[in-house]
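In: this is a predicted model, with the sequence first.
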Number of protein chains: 2
Amino acid sequence: MTEGTPIFLEEYLRLHPADLADRLQRMPADEAREILRQLPRPIASDMLAELEADKARDLLGALPSEELAAFFLELPPNAAADVLGGLPVMQRRDVFTKLPPEKVQSIDALLRYAVDTAGGIMSDRFIALRAADSVGQSQERLRGMPEQRPEDISYLYVTDDANRLVGVVTLRDLVFRNADRRIEDMMNRDVRFVRADDDQEEVARQFEHYHYMGLPVLDRQGRLVGVVKASDALRVAQSEATEDMQLMVGLSGEERALTPWSVSIKRRLPWLYVNLATAFLAAIVVGWFEDTIARWTALAIFLPIIAGQGGNAGMQTLTVIIRDLALGELAPGDGRKALIKEIILGLINGLAIGLVVGVLGYLWKGSASLGFVAGTAMLLNQLAAALSGVLIPFGLKVLKIDPALASSIFVTTVTDVAGFFFFLGLAALCMRWLGG
Amino acid sequence: MTEGTPIFLEEYLRLHPADLADRLQRMPADEAREILRQLPRPIASDMLAELEADKARDLLGALPSEELAAFFLELPPNAAADVLGGLPVMQRRDVFTKLPPEKVQSIDALLRYAVDTAGGIMSDRFIALRAADSVGQSQERLRGMPEQRPEDISYLYVTDDANRLVGVVTLRDLVFRNADRRIEDMMNRDVRFVRADDDQEEVARQFEHYHYMGLPVLDRQGRLVGVVKASDALRVAQSEATEDMQLMVGLSGEERALTPWSVSIKRRLPWLYVNLATAFLAAIVVGWFEDTIARWTALAIFLPIIAGQGGNAGMQTLTVIIRDLALGELAPGDGRKALIKEIILGLINGLAIGLVVGVLGYLWKGSASLGFVAGTAMLLNQLAAALSGVLIPFGLKVLKIDPALASSIFVTTVTDVAGFFFFLGLAALCMRWLGG
């Protein structure tokens, strides 16, 4: 242990940068900043690359630009761009004035890609060989390059004079082939790639479907500008899944359990108001039948059962559809098949539950008509659940809105409104026929 | 085009095996089987490795064991184990009698790992070097190995005489170091690994946290038995996310939009019955206050609003907690912090919504007491939503049950029961005070 180094710092130095970032993120920002300053610069830089964007802002926002620039000097441009992208524009410009121009240029180029695109998640650490070079020349080029982490060398991309991607070779090929052989004569020309402005969700889908370890990223001119790794795709997939689950129940952004309440309230309360507005729709339907309920109060008891069952069935359908849409597993025409399937399920579930509710209604309240009305309303509402669970997410998609967006609120509105209408409407008819 | 080959077959041959599998999976099984038989064996084998387990069973179940064995001969053992694992035991044994013993042995070894563990998702295609070998000997060994796909060579693991993992080297090291150098003198001894019986979800978490491209898998004796790749972890993460979303709303298994309805019904209907049972709890609470409703029917109108708002707020909290639990982001003590946060949110949301509901209740029905009762019940129910949204998933976890399991059903039961109790109970008290 170095003399003068506090014990806790020694402990931090032994952590993986990702774990170190975790620790610092959980501390008050000023305490974390104090530790950051004591860390050796390469370790601090590795750690910075692991911070979440908003935490990086809290931690670095208060540091002078000179200090910040020193960290960014050590970071690869893509990590530097991720962190800098979260800082206020003024501070970013200030840091830029303290960095060498080539570094600023490459960070700036990366900052131009939207964060949710292939360009936003790619790394710019990759090895590009020249098509016209020989194997021997390429080996020399490789030998002269700075040490890279092992994960960065599984693919060696080949570019032409204009930096356009033309092929790929394996390091193995490069090692065991004759030194005179030209790269373009041995490379595989059939390279899969993504475009820098491709949506990150689509990129993650490709990784999952084809099990890629890495995919080259091309700009609009076909030039190789970066590489997306499978681990980047994994991170995207996790955050997109979180977002979908949360959007579905009316929660914008990507909230975590320890997101400060002051942030959460802004993401949740507006949707609760939307839900309130839709709940009033259901209340209005109940209001239409106030007289019916006044004369037959047992009806009120069944309202939560009708709404609860419709809502649950609708959520089942909705969750299946939204996930398939997110994973890109629905081909054209599948929507119709899914709708037919859900209608069949709605019918069977409706009969199975309607029968039980009908019988229980009869047994509990001793009224056959109540049993009939509740059972029939249940059946019809299961169909409403099936239809809305399919049509709402597809409808949102057609409108170019995220199919997950608050869709559970919309589906339960349909099942509440339809369920109450069927149930109370049938009850009113029944009372008229039976003379109430 | 080869004469006699139907046009559609030519088209299939140009597809990536994953896309080919997609196509065949969407056809009737007998049609797909016909095409499978016409495909060149290496292509058919690659395609088989991409099939989903249940589709593979449908497609292969009807084929004679000789034909099956021919496919499995070409498949790497881990892909063969995945497909064979889904076939009936009798058929699997039959295929085994037609395969060479060493192949049977390695497939059998893989089949011993549970499908949701590191052993179940790992590949057994990796390159292991001997610690005592020189760089030159290792290069010779590598040269002599059959061609592998480029993604398989980013890491070269080093084992001792008992096959225990002792280090890792990069191919780059191997290529550019002096041929006399011994592997054990240059390897990195600090290798991260997972155990074969580690849960796949935990493995995926490590990939996401540390951005690994691959992780070696060791058995209980520390012997290297396989490698998990980042693309495997991505697939696990996607399917665990699907499962969590679906479990939450009462949907067991991993259902897709085109899962046959006969399968879906078994996964959904039981939970609808659970939901029905819990809905009756809410109905019983309403039943307690039947007299109150009979005297003040406007109350019935507010029931869906109370239930809807409580349910939505509960789902917001629940979704955040479940996702954090799944991603392993909650450290000990975080549960308490999350609970406090949710209570604060519940209070603020409750005041914000309670006030609006109270005022609207007053304006709509012209009754200040109705407004007061509805607003107060709303506030109290938001707190119930916060508490149940946190405590139910944590409670399930303590009971060693998946925290997502049907938790939305339990949370909405709490918010329905509590909401109706607060609302109708307050109304009853109010009527007594005001003399009804």
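Out: Received it, and whenever you're ready, just let me know what you need.
In: the stretch 301-436 of chain A: helices as residue ranges?
Out: A:334-365, A:368-398, A:407-434 (DSSP state H, counting those that start in this stretch).
In: meant to ask about the stretch 151-300 of chain A, not that
Out: A:171-176, A:183-186, A:200-210, A:230-248, A:261-288, A:290-295, A:298-326.
In: does the last one reach chain B?
Out: Yes. Helix A:298-326 is in contact with chain B by CB under 8 Å from any CB of the partner chain, via A:298-305, A:307-309, A:311-313, A:315-316, A:319-324. For every residue, glycine as well, the C-beta is placed using N, CA and C.
In: now list the buried members of these.
Out: A:298-305, A:307-309, A:311-313, A:315-316, A:319-324 (16 or more other CB atoms under 10 Å in any protein chain shown).
In: need the helices of the stretch 151-300 of chain A in JSON lines with mean pLDDT, can you?
Out: Below are the helices of the stretch 151-300 of chain A laid out as JSON lines (pLDDT from 0 to 100):
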{"stretch": "helix A:171-176", "mean pLDDT": "74"}
{"stretch": "helix A:183-186", "mean pLDDT": "91"}
{"stretch": "helix A:200-210", "mean pLDDT": "92"}
{"stretch": "helix A:230-248", "mean pLDDT": "91"}
{"stretch": "helix A:261-288", "mean pLDDT": "93"}
{"stretch": "helix A:290-295", "mean pLDDT": "91"}
{"stretch": "helix A:298-326", "mean pLDDT": "93"}
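In: just name the most buried of these.
Out: Of all the helices of the stretch 151-300 of chain A, helix A:298-326 carries the top mean neighbour count, a mean of 28, counting by mean count of other CB atoms under 10 Å in any protein chain shown.
In: could you give the angle of that one to helix B:407-433?
Out: 150 degrees (axes from the mean of the first three to the mean of the last three CA atoms, to 10 degrees).
In: before we move on, back to that, which stretch among the helices of the stretch 301-436 of chain A comes nearest residue B:252?
Out: Across the helices of the stretch 301-436 of chain A, residue B:252 has its closest neighbour in helix A:334-365 (14.7 Å, CB to CB).
In: packing partners of that closest one?
Out: Packed against helix A:334-365 by the contact rule (3 or more CB pairs under 8 Å, 6 or more residues apart in numbering or on different chains; DSSP states H and E) you find helix A:298-326, helix A:368-398, helix B:261-288.
In: so what's residue A:79 closest to, chain neighbours aside?
Out: Closest residue to residue A:79 apart from its sequence neighbours, by CB to CB, 6 or more residues apart in numbering or on different chains: residue A:49 at 3.6 Å.
In: got the contact list for that neighbour?
Out: By CB atoms under 8 Å, 6 or more residues apart in numbering or on different chains, the contact list for residue A:49 reads A:17, A:75-76, A:79, A:82-83.
In: rebuild those as TSV, extending it with pLDDT and neighbour count.
Out: Converted to TSV, the contacts of residue A:49 look like this (pLDDT from 0 to 100; neighbours: other CB atoms under 10 Å in any protein chain shown):
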residue	pLDDT	neighbour count
A:17	89	19
A:75	82	21
A:76	79	15
A:79	82	22
A:82	83	23
A:83	85	24
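In: what is the nearest of these to chain B?
Out: residue A:17 (9.0 Å; CB to the nearest CB).
In: doesn't residue A:41 make contact with residue A:47?
Out: No. Between residue A:47 and residue A:41 there is no contact under CB atoms under 8 Å: 10.5 Å.
In: remind me which residues of chain A are low pLDDT?
Out: A:1-7, A:144-154, A:435-436 (pLDDT under 70).
In: would you point out which residue is most central in it?
Out: With distances taken as CA atoms, centre = their mean, the residue of chain A nearest its centroid is residue A:240 (1.0 Å).
In: pretty sure that one contacts residue A:326?
Out: Yes. Contact status for residue A:240 versus residue A:326: in contact at 6.7 Å, counting by CB under 8 Å.
In: will you turn the helices and strands packed on helix A:334-365 into JSON lines that also has distance to residue A:68?
Out: Shown next, in JSON lines, are these (distance: least, CB to CB, whole Å):
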{"stretch": "helix A:298-326", "distance to residue A:68": "37"}
{"stretch": "helix A:368-398", "distance to residue A:68": "42"}
{"stretch": "helix B:261-288", "distance to residue A:68": "53"}
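In: and for residue A:329, the neighbour number?
Out: 15 (other CB atoms under 10 Å in any protein chain shown).
In: again with the one 3 residues further on
Out: Using other CB under 10 Å as the criterion, residue A:332 is surrounded by 6 other residues.
In: what of residue A:20?
Out: 24.
In: repeat for residue A:162
Out: Neighbours of residue A:162 under the rule other CB under 10 Å: 9.
In: and it, how far from residue A:193?
Out: Relative to residue A:193, residue A:162 is positioned 16 Å away (CB to CB, to the nearest Å).
In: swap in residue A:15?
Out: Counting by CB to CB, the gap from residue A:15 to residue A:193 is 36 Å.
In: tell me which of these two has more neighbours.
Out: residue A:193 (18 against 15).
In: sorry, back to before: out of the helices of the stretch 301-436 of chain A, nearest to residue A:280?
Out: The minimum distance between residue A:280 and the helices of the stretch 301-436 of chain A falls on helix A:407-434, with 9.9 Å, by CB to CB.
In: show me what contacts the closest residue to the residue nearest to the centre of chain A other than its chain neighbours?
Out: Closest residue to residue A:240 apart from its sequence neighbours, by CB to CB, 6+ apart: residue A:201 at 5.2 Å. Residue A:201 sits next to A:116, A:236, A:240, A:326 when contact means CB under 8 Å, 6+ apart.
In: list the helices and strands the one helix or strand residue A:92 maps to packs on?
Out: Taking DSSP states H and E as the criterion, residue A:92 maps to helix A:89-97. Applying 3+ CB pairs under 8 Å, 6+ apart, one finds that helix A:89-97 contacts helix A:65-74, helix A:101-111.
In: for that helix, which outside residues touch it?
Out: Residues contacting helix A:89-97 (CB under 8 Å, 6+ apart): A:61, A:65, A:68-69, A:72, A:84, A:87, A:104, A:107-108.
In: pull the distance from it to the chain's centre.
Out: 30 Å (CA atoms, centre = their mean, to the nearest Å).
In: stretch A:421-436 now?
Out: Its chain's average C-alpha position is 47 Å from that of stretch A:421-436, according to CA atoms, centre = their mean.
In: can you give me the buried ones in it?
Out: Buried residues in stretch A:421-436 (16+ other CB under 10 Å): A:421-428, A:430-431.
In: adding distance to chain B, write those residues out as TSV.
Out: Converted to TSV, the buried residues of stretch A:421-436 look like this (distance: CB to the nearest CB, whole Å):
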residue	distance to chain B
A:421	12
A:422	14
A:423	12
A:424	9
A:425	15
A:426	16
A:427	12
A:428	14
A:430	17
A:431	15
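In: switch these over to JSON lines; also include distance to residue A:365.
Out: Below are these laid out as JSON lines (distance: CB to CB, whole Å):
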{"residue": "A:421", "distance to residue A:365": "21"}
{"residue": "A:422", "distance to residue A:365": "18"}
{"residue": "A:423", "distance to residue A:365": "14"}
{"residue": "A:424", "distance to residue A:365": "16"}
{"residue": "A:425", "distance to residue A:365": "19"}
{"residue": "A:426", "distance to residue A:365": "15"}
{"residue": "A:427", "distance to residue A:365": "12"}
{"residue": "A:428", "distance to residue A:365": "17"}
{"residue": "A:430", "distance to residue A:365": "13"}
{"residue": "A:431", "distance to residue A:365": "14"}
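In: got the domain ranges for chain A?
Out: Domain ranges of chain A: A:7-112, A:128-229, A:261-434, per automatic domain parsing.
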